[in-house]
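Visitor: structure, please.
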Amino acid sequence: MIQLKPFEADDWIYLSAWISNERELIQFAGKIFTFPLDKNQIEVYLSDPLRTVFKIADENELIIGMAEISIEQDNTAKLARILIGEKSMRGKGIGAALMRILIDYAFNTLKKEQIILNVYTWNTAAIKCYENAGFVRTSKPIKYVKAGDEEWESMEMKLHL
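Guide: Numbering: from 1, shown residues only. You can find the predicted model right below:
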């Protein structure tokens, strides 16, 4: 069983351990951070009052990942920067459990009617996890993100109450 706890500036050390290069940082966070990640960047990131950031703890209190919910509009929450950072914990259903917790938080705690997220089109494991949680692709045009000498496609997905 996992639980969400408030992500604090000192928790940046987990991210710095999980993210070892610029490509991984862009996959995780888009372009809001620069590599290498540091505490100052996290402090600025956490100062946004529309953003709620969680660290994910397993049943043994081991911090294994993080996730963010932000407020997009009055009726919409956005999931972002979702990461099961501890590689040994991937593929164990934690992503599905995390989606249930985040969806419940968005609909029942934040009282939102819709949840959106963006995902890279090549990230088939994440897309499958989101689809299994009920998310569907929107008709918004694909966005492109530069990652080194590559251009990655990002699509939006949504879930309605």
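Visitor: so which bits of stretch 45-62 are buried?
Guide: By neighbour count on 16 or more other Cβ atoms under 10 Å, the buried set for stretch 45-62 is 45, 46, 51, 52, 53, 54, 55, 56, 57, 58. Bear in mind the C-beta positions are built from the backbone N, C-alpha and C, glycine included.
Visitor: inside helices: which ones of the residues you listed?
Guide: Per DSSP state H, helices hold the following members of these: 45, 46.
Visitor: from the buried residues of stretch 45-62, which is closest to residue 110?
Guide: residue 52 (8.3 Å; Cβ to Cβ).
Visitor: tell me the contacts of the closest residue to that closest one other than its chain neighbours?
Guide: Computed as Cβ to Cβ, 6 or more residues apart in numbering, the closest residue to residue 52 that is not its neighbour in sequence is residue 69, at 4.9 Å. Taking Cβ atoms under 8 Å, 6 or more residues apart in numbering, we find residue 69 in contact with 51, 52, 54, 77, 78, 79, 80, 102, 105, 106, 110.
Visitor: which among those count as buried?
Guide: By 16+ other Cβ under 10 Å, those give 51, 52, 54, 77, 78, 79, 80, 102, 105, 106 as buried.
Visitor: now, these that are in strands?
Guide: 51, 52, 54, 77, 78, 79, 80 (DSSP state E).
Visitor: what is the burial count for residue 128?
Guide: Neighbour count of residue 128, defined by other Cβ atoms under 10 Å: 12.
Visitor: helices or strands up against whichever strand or helix holds it?
Guide: Taking DSSP states H and E as the definition, one finds residue 128 inside helix 124-132. Other helices and strands packing on helix 124-132, by 3 or more Cβ pairs under 8 Å, 6 or more residues apart in numbering; DSSP states H and E, are helix 94-104, strand 114-120, strand 150-160.
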